[in-house]
Every structure is written in C-alpha cells, then in structure tokens.
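# sequence and predicted structure, then a few things I'm wondering about:
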Amino acid sequence: MRNDILFGNGDEIPSNHSGNPHIQDVIDQSRRKVVAGGAALGALAFLGVTLPSAGEAASRTAAIPPFARRSRVPFEPVGVTRADTITVPSGYVANVLIPWGTPITGRYPAYLEDASNSAQDQAEQTGMHHDGMHFFPIDAQGGRGRSSDHGLLVLNHEYIDAPLLHPNGPTVVNGRRVSAEEVRKEINAHGVSVVELRRDVRGNWSQQPSSRNRRVTGATPMQISGPARGHALMKTRYSPSGTSTRGTLNNCSNGFTPWGTYLTCEENWAGYFAYRAETQPRELSRYGVGDAGRYGWETIPGDEFERFDATPRAESATGDYRNEPNTFGWIVEIDPFDPTSVPVKRTALGRFAHEGVVFAPVRPGRPLVCYSGDDSQNEYIYKYVSRDAYRPMRSNGSLLDEGTLYVARFNPDGSGQWLALDIADPVFQAACQAAGVTFADQGEVLINTRLAADIAGATRMDRPEWGAVNPDSGEVYFTLTNNTARTEADPANPRSPNPYGHIIRWKEQDKHHAGQAFTWDLYLLAGPENDSRSPQGKPLDATNIMASPDGLWFDDEGRLWIQTDMSGSQLNAGPFGNNQMLVSDPKSGETKRFLVGPKGAEVTGITATPDFRTLFVNIQHPGEGSTPDVFRSEWPDGPGKRPRSSTVVITRQDGRRLM
C-alpha cells in the first residue's frame with residue numbers, strides 16, 4: 001500500500017450511481033435562466049422577481065443619488081493575494097489563538113516544535129485542522145446568555161496531516177503501520193476541543209485554565225440514540241447491545257442547539273475503515289468504504305485499532321467490527337458546559353457525510369427544523385422536522401430523536417419538495433416497492449440514508465457544504481462547492497465539470513419551515529470573471545472573484561459571510577489567490593472580499609461574540625502538503641516552524657462593532 005493511499009486528501013470517492021436527476025439537469029430545464037460570459041446560471045430572480053442584466057444593473061447603479069442608503073458592507077475590500085499571512089481590511093486586526101498543540105487540559109503539556117509530543121499529550125492539547133466552531137457565552141447554559149467577554153469556544157478538528165504530526169512522518173513498513181503510539185496520537189488529534197476564553201479590558205483574548213476545558217477525540221466513549229439505537233446493524237464487539245461506540249471522526253462543520261449544546265458533524269468518515277470481503281453490504285458500499293483505511297489504522301494489532309477493519313471475522317456481528325462503520329456518519333451532540341457528559345450520536349438526523357447542521361428560526365410551541373448537506377459529489381440536501389414542539393427551558397436533545405427526515409427535490413420551474421424518508425409514509429413505501437428495496441424498520445432506513453434518498457427521488461447536488469438561514473427573511477442558503485465528476489453539459493449549461501461551485505437558496509412555503517414545499521433559485525455563481533455571476537447580476541470582479549464556496553454564516557444583521565476551500569490548480573495557478581472570506585449583503589447584492597488566508601490553507605469555521613466586536617475564524621492546514629523536510633507555509637509561527645492550523649481573532653482597531 002502506497003503512502004499516498006494511506007495519507008490522501010480525505011475527499012470521499014463518489015458512490016451515488018442512482019439515476020436521480022442532477023441539480024445541473026434541473027437548471028438546464030429551467031425556463032428561468034440567464035447566460036453570462038458563456039456560463040449558464042439558474043435565474044437569480046428569487047421568487048419570480050427577475051434581476052436586471054449586467055448592463056441594466058450598471059446603469060441603475062450609476063443613477064443612484066449621493067444620499068443613497070449606506071453600504072452594509074462598509075470596508076475597503078482586500079485584493080487577491082498569495083502572501084503567507086492573514087490579510088484583512090484597513091482598520092481591522094487579526095491575532096492567532098489556540099493553534100494545533102496548544103495545551104488546554106490535563107497536565108497542560110507544552111507544544112513541542114519537533115512534533116515529539118506523545119499521544120497522551122495530544123489528548124490534552126488542541127487537535128489538528130480546526131474547522132467549524134461556536135462561541136458559547138459563559139452564561140449561556142440552557143440556551144440563554146449574552147456575555148461577550150467570557151465564554152467557551154468549541155471547535156472541530158477535521159482530519160490530520162500525518163507527515164506533520166510526527167517528527168519524521170508516520171512509520172509505514174510494507175504498507176502497514178507499526179507504531180501503536182503514532183496511531184493513537186493521530187486518533188487523539190481528531191475530534192473536538194472545548195476551550196474557555198476571556199477578553200480583558202484592552203480587548204485581548206486569552207485561553208483560561210479551566211475545569212470546563214475538554215478534548216473529545218476519535219476514542220471518546222459515545223452513546224447512540226434515536227431510531228438506530230440498539231439496531232442489529234449497530235451491534236459490535238465493543239457494544240453487543242448496539243447502544244454505544246468510540247469516537248467521532250472527520251468533524252467538519254457544526255451546529256448548536258437552542259438549549260445550549262454543540263453539534264459536531266461526521267463528514268468523510270468512510271475512508272477511515274477497511275472492508276476486504278468480496279461483497280459489501282449496502283450500508284458500506286453506498287458510502288464508499290474501501291479495502292484500506294486512509295491512515296492504515298486497521299493494520300495495528302489491538303482492539304482499539306482493529307475496530308477500523310470492518311471485514312467479517314466472527315460468526316456474528318458481536319464478535320467483530322463489521323458494523324463499526326455504521327456507528328459513524330451521524331451528528332453528535334456535546335454538552336460544552338459539562339466535561340463529564342457523554343456525547344450522543346443522534347441517529348434520527350440521518351447517516352451520511354454530514355457537512356454541518358443549521359436550524360431554522362426557533363419558535364416556542366412549534367417543531368424544531370434543521371438542515372444538513374451530504375458533502376460528496378452528487379449527493380443530497382436534507383431537512384429534519386421534530387415530532388414534538390420546542391419548549392424553552394424544557395426541551396433537550398431528545399427533540400432530535402423523534403421526527404421526520406426529508407430529502408430535497410429541486411424542480412425545473414423553481415419549485416421544490418421535501419420527500420419523507422419515513423418507513424410509515426405511503427409515498428416512501430410505494431417508492432421502495434417500485435425500486436424493489438426493503439427496509440426492516442426506520443432504524444435501517446436511517447442507517448441507509450443515502451439509499452433511501454436515492455429511492456425517494458432526490459436531486460443530486462454538486463457537493464452540498466455549509467448552510468445558513470437569513471435572520472431577516474428566513475431564506476435558507478447552501479454552498480455547492482464544486483463537482484468535478486459531472487460529465488453532462490449543453491450550450492445552456494457549459495460547466496462540465498463544475499470546478500467553481502455556486503450558492504443555492506430557497507424559501508419555505510410554510511413560514512415555520514416544517515412544510516414540504518419550497519421555491520428556490522441561485523444566489524451566486526462562483527468562478528473567473530468570464531464564467532461567474534454575482535448576486536447583483538454582474539460577473540464577479542477584482543473585489544469578489546472566488547471559487548469553491550464552502551463555509552457559510554449569517555451575522556445578526558443579515559450579512560452573509562462566505563468562506564472558500566479551493567485546492568489544486570485553483571489555489572496554485574488560478575486568478576483567485578489564496579483561500580478567502582467574503583461578505584455579501586442579500587438586500588443589495590453587494591459582495592466584497594474581507595480576508596485572505598495564508599498559503600495552502602482553507603478558510604473555515606466562523607462565530608462571533610454576541611456584541612459582534614469579536615469574530616473567530618479558523619485557518620485549516622496552512623502549507624497543505626508539507627512534509628517534515630519541506631514546510632510550504634511558515635504561518636503562524638514563522639521561518640523554520642511547522643505550519644499549524646489555528647483560530648484567528650478578528651477585531652476592529654477602534655474596538656467597536658465589526659460593522
């Protein structure tokens with residue numbers, strides 16, 4: 001086994017071979033269409049309102065009188081750059097906080113620049129590759145609180161660069177790992193960190209030694225709840241009852257509940273497992289489990305590592321780990337205020353490559369509604385509606401255990417439907433019968449969420465990433481970062497493949513978001529100037545050109561923050577520079593670049609204090625592809641130092657609100 005197989009980039013191999021319509025096929029058929037610079041864009045007109053052409057928009061802009069409404073994006077945009085630093089507009093400052101290896105708990109072991117920290121050290125330090133995160137005011141336990149000077153920052157650690165995690169990279173002999181200590185350290189570098197922070201009178205932030213600080217890793221015991229709890233397909237040697245498992249992996253984006261808990265989302269988990277039998281069950285094959293794990297963890301002897309080998313080896317599932325992959329691919333709830341609490345995998349929300357989870361506006365007495373994307377080529381967007389109503393100060397995680405999971409169908413006329421993945425639903429039953437597929441119970445439906453969505457007839461999407469809900473309008477926005485696997489094209493839709501991505505949005509017919517009908521359009525088409533369209537109906541320009549939109553977040557005043565995750569030639573030779581973060585105003589369409597990250601880094605993860613004086617942003621894998629001998633970035637520690645993923649604290653120099 002080659003090291004490039006063991007330590008690949010972590011992207012999931014496409015596994016959707018259904019004949020369901022693709023979102024680009026839908027856009028092709030749509031009669032609401034504009035063509036800009038040779039790129040076909042599903043109409044930017046939202047809810048039937050047609051936006052002006054680029055020329056019309058320019059003339060109208062020129063006609064705006066001097067007393068026009070002030071910009072809600074009040075900063076000078078930063079330019080495209082490949083500088084190995086954080087670039088922000090004039091008047092703002094960015095400071096590094098809690099980079100990988102920062103001691104936060106236990107013995108508080110210091111970070112060692114030569115990467116010689118032990119596995120136990122890593123379990124007491126921030127993990128690698130910071131991603132989604134949320135700031136919980138220290139008085140927010142139970143869902144309330146507005147403290148902006150003191151709180152818990154909870155952040156994901158998506159994956160690892162094994163060559164940087166060890167002094168000389170991982171030890172591999174004949175395609176097998178030989179050091180249990182190295183593998184244990186890699187497992188401990190995954191997961192979630194909970195870090196208590198405080199802001200002083202000068203506005204400077206620092207981490208605090210605290211009993212609340214915590215690491216949740218790829219080995220932390222977890223409970224399983226919801227319809228798949230105790231299911232035959234969840235039983236393993238570790239948990240013969242099928243009610244528990246160990247660890248959370250590939251934690252990408254996130255969410256947070258109205259009752260003050262953190263939701264971490266398991267994305268490309270399938271690549272951590274190996275299955276070497278001739279025929280795979282559908283709950284593995286539909287998720288892309290291969291014959292070797294990404295890091296080769298399964299090649300080390302011992303139960304803590306053998307669980308990554310899903311090959312049947314015993315007479316029953318309780319004697320091996322054939323079902324271990326089924327205990328991954330879920331949304332995991334963590335109570336950040338109780339370091340003794342056991343994280344819970346909420347199976348009612350479905351099993352797939354969860355990018356994140358975002359809630360619709362929460363209303364007392366109404367069901368809870370949330371959305372999640374399956375971040376893999378040609379996969380789907382989902383919505384969950386709780387069975388019971390939300391009750392302030394009374395509701396808890398059990399609200400995420402009983403409800404209906406839906407998957408989206410986007411129609412050519414700009415309408416859409418949410419299709420129930422419910423074994424008791426007559427329409428879903430008929431679809432299963434027509435497809436010749438059976439499920440024993442709702443637990444099996446959810447363990448096979450992707451297959452259920454195939455059967456229901458969902459629309460295949462271009463890698464659904466983060467979602468966000470506009471606090472002003474209730475519209476839901478999702479990034480579709482790119483899809484290099486798409487091969488179909490025509491003159492009206494020449495992007496084949498789609499390397500640049502776009503942002504889709506929809507408005508629920510039911511104002512409470514719990515219904516099954518919506519209307520949709522495209523908000524933005526990313527790409528170079530000759531193959532893009534801004535929300536204003538113009539090509540993107542020097543102030544906002546971007547590709548591969550990924551992270552998405554609304555601030556409290558309804559501005560949309562967009563983060564990018566370009567790689568390969570886009571990052572190294574295209575017109576876009578390093579990955580970036582932009583701010584877009586849905587009311588005016590104005591979009592500007594606010595931040596550019598260092599070399600090789602993804603800009604991801606975003607949260608703010610309630611007073612909006614501090615913005616936290618994560619910088620992941622600076623110098624991606626670095627080895628112990630060649631560091632492709634010197635950020636954040638300077639020349640000769642290993643690049644480290646870090647959180648960046650952004651404030652205004654005058655200490656006022658960010659905007």
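Ah, there it is.
# show me where the stretch 151-300 of the chain has its helices.
Applying DSSP state H, counting those that start in this stretch to the stretch 151-300 of the chain gives helices spanning 162-165, 180-188, 282-285.
# for Gly597, find the nearest of those helices.
helix 162-165 (17.4 Å; CB to CB). For the C-beta atoms, the positions are set from N, CA and C on the backbone; glycine is no exception.
# hmm, Ser473 and Glu508 touching each other?
No: with contact defined as CB atoms under 8 Å, Glu508 does not reach Ser473; the gap is 10.7 Å.
# sorry, back to before: in JSON lines: the helices of the stretch 151-300 of the chain, plus mean neighbour count.
Shown next, in JSON lines, are these (neighbours: other CB atoms under 10 Å):
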{"stretch": "helix 162-165", "mean neighbour count": "22"}
{"stretch": "helix 180-188", "mean neighbour count": "22"}
{"stretch": "helix 282-285", "mean neighbour count": "17"}
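# what are the ranges of the helices in the protein?
Here the chain has its helices, by DSSP state H, at 3-6, 23-29, 54-62, 119-123, 162-165, 180-188, 282-285, 303-306, 426-435, 442-447, 449-456, 568-572.
# where does the protein dip in pLDDT?
The chain contains residues with pLDDT under 70 at 1-13, 23-69, 486, 488-495.
# returning to that earlier point: for the helices of the chain, which one ends up most surrounded?
Greatest average neighbour count among the helices of the chain goes to helix 449-456 (a mean of 26), per mean count of other CB atoms under 10 Å.
# now for that helix, which elements pack on it?
For helix 449-456, the packing partners by 3 or more CB pairs under 8 Å, 6 or more residues apart in numbering; DSSP states H and E come out as strand 403-410, strand 415-420, helix 426-435.
# swap in 10 Å and give it another go.
Counting contacts by 3 or more CB pairs under 10 Å, 6 or more residues apart in numbering; DSSP states H and E, helix 449-456 is packed against helix 282-285, strand 377-379, strand 381-389, strand 403-410, strand 415-420, helix 426-435, helix 442-447.
# dump the ones you listed into a markdown table; add distance to His150 as well.
Formatted as a markdown table, the helices and strands packed on helix 449-456 follow (distance: least, CB to CB, whole Å):
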| stretch | distance to His150 |
| --- | --- |
| helix 282-285 | 44 |
| strand 377-379 | 40 |
| strand 381-389 | 32 |
| strand 403-410 | 34 |
| strand 415-420 | 40 |
| helix 426-435 | 47 |
| helix 442-447 | 39 |
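# nearest to Asn268, out of those?
Minimum separation from Asn268 across these (CB to CB) falls at strand 377-379, 11.5 Å.
# list the strands paired with that closest one, with their directions.
strand 461-462 (antiparallel) (DSSP bridges).
# any residues touching the partner strand, and which ones?
With CB atoms under 10 Å, 6 or more residues apart in numbering as the contact definition, strand 461-462 has outside contacts at 16, 22-24, 26, 373-381, 408, 410, 478-486, 495, 497-498, 500-502, 504.
# of the helices and strands packed on helix 449-456, which is nearest Ala348?
Closest to Ala348 of those is strand 403-410 (CB to CB; 5.6 Å).
# one step back: switch the helices of the chain over to CSV; also include distance to Gly247.
Shown next, in CSV, are these (distance: least, CB to CB, whole Å):
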stretch, distance to Gly247
helix 3-6, 19
helix 23-29, 33
helix 54-62, 50
helix 119-123, 12
helix 162-165, 17
helix 180-188, 7
helix 282-285, 18
helix 303-306, 10
helix 426-435, 32
helix 442-447, 18
helix 449-456, 20
helix 568-572, 30
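# can you tell which of the ones you listed is closest to Leu249?
helix 180-188 (8.4 Å).
# name the helices or strands packed onto that closest one?
Contact partners of helix 180-188 among helices and strands, from 3+ CB pairs under 10 Å, 6+ apart: helix 119-123, helix 162-165, helix 303-306.
# could you redo those helices as CSV and give each row distance to Gly436?
Below are these laid out as CSV (distance: least, CB to CB, whole Å):
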stretch, distance to Gly436
helix 119-123, 48
helix 162-165, 43
helix 303-306, 36
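# closest one to Ala517 among those?
Smallest distance to Ala517 across the helices and strands packed on helix 180-188 (CB to CB): 46.9 Å, for helix 162-165.
# by contact count, what packs against the closest one?
helix 3-6, helix 180-188.
# how does it look with 6 Å?
Where contact means 3 or more CB pairs under 6 Å, 6 or more residues apart in numbering; DSSP states H and E, helix 162-165 is not packed against any helix or strand.
# what's near enough to touch Leu399?
Shown in contact with Leu399 (CB atoms under 6 Å, 6 or more residues apart in numbering): Leu368, Ser386.
# oh, I was asking about Arg593
For Arg593, the contact set (CB under 6 Å, 6+ apart) comprises Pro77, Val78, Asn544, Gln580, Leu582.
# which member of those is positioned nearest Val173?
Nearest to Val173 out of those is Gln580 (CB to CB; 41.2 Å).
# with respect to Asn268, which of the helices of the chain lies nearest?
With CB to CB as the criterion, Asn268 lies closest to helix 449-456 of the helices of the chain, at 13.5 Å.
# so which of the helices and strands packed on helix 449-456 gets nearest Thr519?
Set against Thr519 and scored by CB to CB, the helices and strands packed on helix 449-456 come closest in strand 415-420, at 5.7 Å.
# within the sheet, what are the partner strands of that closest one, with directions?
strand 403-410 (antiparallel), strand 517-525 (antiparallel).
# how about these in TSV, adding distance to Glu355 and mean neighbour count?
What follows is these, written out as TSV (distance: least, CB to CB, whole Å; neighbours: other CB atoms under 10 Å):
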stretch	distance to Glu355	mean neighbour count
strand 403-410	14	24
strand 517-525	17	23
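# can I get those strands in TSV including distance to Met133?
Below are these laid out as TSV (distance: least, CB to CB, whole Å):
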stretch	distance to Met133
strand 403-410	25
strand 517-525	24
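# can you verify my assumption that Gln125 contacts Pro103?
Yes: Gln125 lies in contact with Pro103 (CB atoms under 6 Å); the separation is 5.3 Å.
# neighbour count winner among those two?
The neighbour count for Gln125 versus Pro103, taken as other CB atoms under 10 Å, is higher for Gln125 (26 against 19).
# hmm, back to that, Glu508 and Ser473 - which one has more neighbours?
Per other CB under 10 Å, whichever of Glu508 and Ser473 has more neighbours is Glu508, with 22 against 13.
# for the more buried one, which residues are in contact?
Going by CB under 6 Å, 6+ apart, Glu508 touches Phe518.
# any idea what it is bridged to?
Beta-bridge partners for Glu508, by DSSP bridges, are Phe518.
# and it, how far is that from Trp418?
Applying CB to CB, to the nearest Å, the value for Glu508 to Trp418 is 9 Å.
# do the same with Leu446
From Leu446 to Trp418 the distance is 16 Å (CB to CB).
# same check on Thr85?
Distance from Thr85 to Trp418, by CB to CB: 44 Å.
# looking at the two, which one has more neighbours?
Just comparing Thr85 and Trp418: by other CB under 10 Å the higher neighbour count belongs to Trp418, 24 against 17.
# any idea how far the closest residue to the more buried one other than its chain neighbours lies from His129?
Distances taken as CB to CB, 6 or more residues apart in numbering place Tyr406 nearest to Trp418, at 3.7 Å, with adjacent residues excluded. Separation of Tyr406 from His129 (CB to CB): 31 Å.
# one more: Leu400?
Leu400 sits 26 Å away from His129, going by CB to CB.
# the strands in the stretch 151-300 of the chain, which residues?
172-173, 176-177, 191-199, 205-207, 214-216, 221-225, 244-246, 251-256, 262-266 (DSSP state E, counting those that start in this stretch).
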